[in-house]
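[1] Provided below are the primary sequence and the corresponding predicted coordinates.
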Amino acid sequence: MTEETEQERPTLEGEAVLDLWRRGQDAWNSWIDRHPDRDISFYKFDFSNEQDAEGDLSFAGYHFGNGAIFFDYSTFGNGYVEFHGATFGNGTVRFIESFFGDGDLRFTQATFGSGVSFLYTTFGNGNVDFSNTTFGIGEVDFSCTTFGKGNVDFSDATFGNGNVDFSCTTFGEGNVDFSDTTFGNGNINFSKTTFGDGNVDFSDTVFGDVEINFSQSRIENLNFNPKTIGASEIDAKGLSIKGRAIFDLPPSATALKSFNLHSASFDGPLTLTGDLGIIPDLRATRYSHQVDLSALTVKLQRRWQKPGLRPDQWRVKAVSETGIISRLVYKFAPKKRISLKYFNKLRRFWKHHCWPIKLSQVAKDPQDSARLRRLKEIAETNKDHQAALRFSADENRAKRWIETAWLGSVLDMAFSFFSNYGQSILRPSLSLGVIFAAGMSAYKAKQIPKLVTDGWADWTQAFILSASNSLPFLPQSRDLRTDALTALYGKDPGLCVDALMITQGVLSFIFLFLIGLGLRNRFRL
């Protein structure tokens, strides 16, 4: 149907639509069955004088066909208003700047078509119930709406694909319930929304591939515990929650692309749980109560660096800002043949081709290290040592090759591999065992042939020499080491054996330190 035909489509309006509605549900639905494509307009109607003897208004079970439905600027007065089971077709439904007085409003089990707008609508004191309501494909707009004192219920409602907008909306003192609600693909906007003193509940909610926006909203108590969540983004910059805040994310939250709580404030306890494939951003957050991150696990996104520069690498740096290798190159280069300008060109060319070679993957987002540092700070403040260790380990991985120099990154790799940043006791213990066994075999292999004896005596001496060299702090180690050296090599063990002993001693000291670090971190009070 063309736009011109749509504009010329007949509209049921004025006294005609009011007379038909007064005749009741059966007469109304019969007429709609014969004229399913008519637009229907209750524009600027005042229903205050149309209430029944009990002060109620009812559109329950009414069918509105496939045309556009207009309740713009209508006034429904005080009393009970019911749209239970009402069916709206494929046309747009508009309640723009409508006014509902004090009393309950029910849209339960209603069905909407391709677009719904309650823009600037005012709801009086009373419960507003959209539970089990179905919203079709298209935009659902509750922006700048005002709800009075009473509960607002969208539980078990279904929103099709399209944007859902509650931005700049003001809720009253009651609870706001989105439990068991299903959202399709699209944007869900609660930015700059003010919730009253009640609870805001998103338990068992199903989210499609959506962007959820709570930026600069004000909430008393929040329970965000969805059943599933798609490849979504959660933007809650500047969110303010006075009471308890729970973000209990489901296993499907591994598909989250972004979780931004930057500059949010929490005056009550905050619980953040879930297995995330990204790093949530809690930088600049303010909290005055306990923050529980014990059940939060994150995954640092890394990749092998491809040739090319990040934008932050294009800035011309002073020599003092570069690494030690670059400073030495610039210092000893002939001044007439290399200027700072060409020095920076060479540095960028060097980095463009991924030199020096990165021996492990690099963090995709250079900001992840700062995000992890903030998580670590919060965990430390709340005495959650294990969570702080996890976040600290990932922070070091995120800084590797980006903030940490090349040699420092190599040492960081070794620290990660051999002890998982002090979180593992098994890894350094196994490494110490390998060093011990390798040392014993090397000492036996270097034994002077004329001192070789039959049986296990020589292996016993090699065992004693390796053990005493790995554990030099034991009181008996010195005498045992001297006797074993004499038995295996006589008076002069030789330079090779001395080098082996020094190497084993240094490596054993390192792994013993890592074992002690792991024990300290494991049983820290």
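    Structure received.
[2] ok, residue 304 touching residue 361?
    Yes - applying CB atoms under 8 Å, one finds residue 304 in contact with residue 361, separated by 5.5 Å. C-betas here are computed from N, CA, C, even on glycine.
[3] the two: which is more packed in?
    Between residue 304 and residue 361, counted using other CB atoms under 10 Å, the more crowded position is residue 361 (15 against 9).
[4] from what I can see that one touches residue 398, true?
    No - taking contacts as CB under 8 Å, residue 361 lies outside contact range of residue 398: 10.8 Å.
[5] tell me, how many residues neighbour residue 52?
    Per other CB under 10 Å, the neighbour tally for residue 52 reads 10.
[6] what does residue 57 give?
    Around residue 57 sit 21 other residues, with neighbours defined as other CB under 10 Å.
[7] and the gap between it and residue 164?
    26 Å (CB to CB, to the nearest Å).
[8] quick one: list the elements packing against the helix or strand harbouring residue 222.
    Residue 222 belongs to strand 221-224 when assigned by DSSP states H and E. Applying 3 or more CB pairs under 8 Å, 6 or more residues apart in numbering; DSSP states H and E, one finds that strand 221-224 makes contact with strand 199-201, strand 245-248.
[9] just for the chain, where's the confidence low?
    Scanning the chain for pLDDT under 70 picks out 1-8, 306-355, 450, 454-455, 525.
[10] name the element the residue nearest to the spatial centre of it belongs to?
    By CA atoms, centre = their mean, the mean C-alpha position of the chain lies nearest to residue 259, the distance being 3.4 Å. Assignment of secondary structure by DSSP H and E places residue 259 within strand 258-260.
[11] contact partners of that strand?
    233, 234, 235, 236, 237, 276, 278, 280, 281 (CB atoms under 8 Å, 6 or more residues apart in numbering).
[12] since we're on the fifth one, how many residues are nearby?
    For residue 237, the tally of surrounding residues (other CB under 10 Å) stands at 16.
[13] cool, the third one as well?
    Under the neighbour criterion other CB under 10 Å, residue 235 is assigned a count of 22.
[14] ok, the second one next?
    The local packing of residue 234 (other CB under 10 Å) involves 23 other residues.
[15] try the last one
    The tally of other residues near residue 281 (other CB under 10 Å) stands at 23.
[16] so it sits against residue 261, correct?
    Yes - with contact defined as CB under 8 Å, residue 281 counts as touching residue 261 (6.1 Å).
[17] is it true that residue 415 lies in a strand?
    No - under DSSP: H, G, I helix; E, B strand; the rest coil, residue 415 falls outside any strand and is assigned helix.
[18] what's the first helix or strand after the longest strand along the chain?
    In the chain, assigned by DSSP state E, the strand with the most residues is strand 270-275. Note on strand 270-275: by DSSP H and E, the next helix or strand toward the C-terminus is strand 286-287.
[19] what are the ranges of the helices in this structure?
    Secondary structure of the chain by DSSP state H: the helices cover 3-7, 14-22, 25-34, 324-332, 340-352, 368-381, 385-399, 406-419, 426-445, 457-470, 477-489, 495-522.
[20] export only the CA atoms of the second one, formatted as PDB.
    In other words, helix 14-22. C-alpha atoms of helix 14-22 as PDB (Å, rounded to 0.1, in the frame of the first residue of the first chain):
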ATOM      1  CA  GLY A  14     -15.500  11.800  16.700                       C
ATOM      2  CA  GLU A  15     -19.000  10.900  18.000                       C
ATOM      3  CA  ALA A  16     -19.100   7.900  15.600                       C
ATOM      4  CA  VAL A  17     -16.300   6.100  17.300                       C
ATOM      5  CA  LEU A  18     -17.600   7.000  20.800                       C
ATOM      6  CA  ASP A  19     -21.100   5.700  19.900                       C
ATOM      7  CA  LEU A  20     -19.700   2.500  18.600                       C
ATOM      8  CA  TRP A  21     -17.600   2.000  21.700                       C
ATOM      9  CA  ARG A  22     -20.700   2.600  24.000                       C
END
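[21] name the surrounding residues that touch it.
    For helix 14-22, the surrounding residues in contact (CB under 8 Å, 6+ apart) are 12, 27, 28, 31, 40, 41, 42, 45, 50, 59, 62.
[22] in strands only, show me those residues.
    Of these, the ones assigned to strands by DSSP E are 12, 40, 41.
[23] just the buried ones among those residues, please.
    Buried by 16 or more other CB atoms under 10 Å: 12, 40, 41, out of the ones in strands among the contacts of helix 14-22.
[24] and which of those residues is nearest residue 425?
    Of all those, residue 425 sits closest to residue 40, with 73.6 Å by CB to CB.
[25] just checking, that closest one touches residue 71?
    No - applying CB under 8 Å, one finds residue 40 not in contact with residue 71, separated by 9.2 Å.
[26] re earlier: between the buried ones among the ones in strands among the contacts of helix 14-22, which is nearest residue 77?
    Of all these, residue 41 has the smallest distance to residue 77: 19.1 Å, by CB to CB.
[27] you'd agree the closest one is up against residue 74?
    No - at 9.9 Å, residue 41 does not count as touching residue 74 under the criterion of CB under 8 Å.
[28] give the contact list for residue 188.
    Going by CB under 8 Å, 6+ apart, residue 188 touches 163, 164, 166, 207, 210, 211, 212, 213.
[29] one more time with 6 Å, if that's ok
    For residue 188, the contact set (CB atoms under 6 Å, 6 or more residues apart in numbering) comprises 164, 210, 212.
[30] list only buried entries from those residues.
    Listed as buried from the contacts of residue 188 are 164, 210, 212; burial here means 16+ other CB under 10 Å.
[31] closest to residue 187 among those?
    Comparing the buried ones among the contacts of residue 188 against residue 187 with CB to CB picks out residue 210 as the nearest, at 6.4 Å.
[32] report the separation between the closest one and residue 111.
    As judged by CB to CB, residue 210 and residue 111 stand 22 Å apart.
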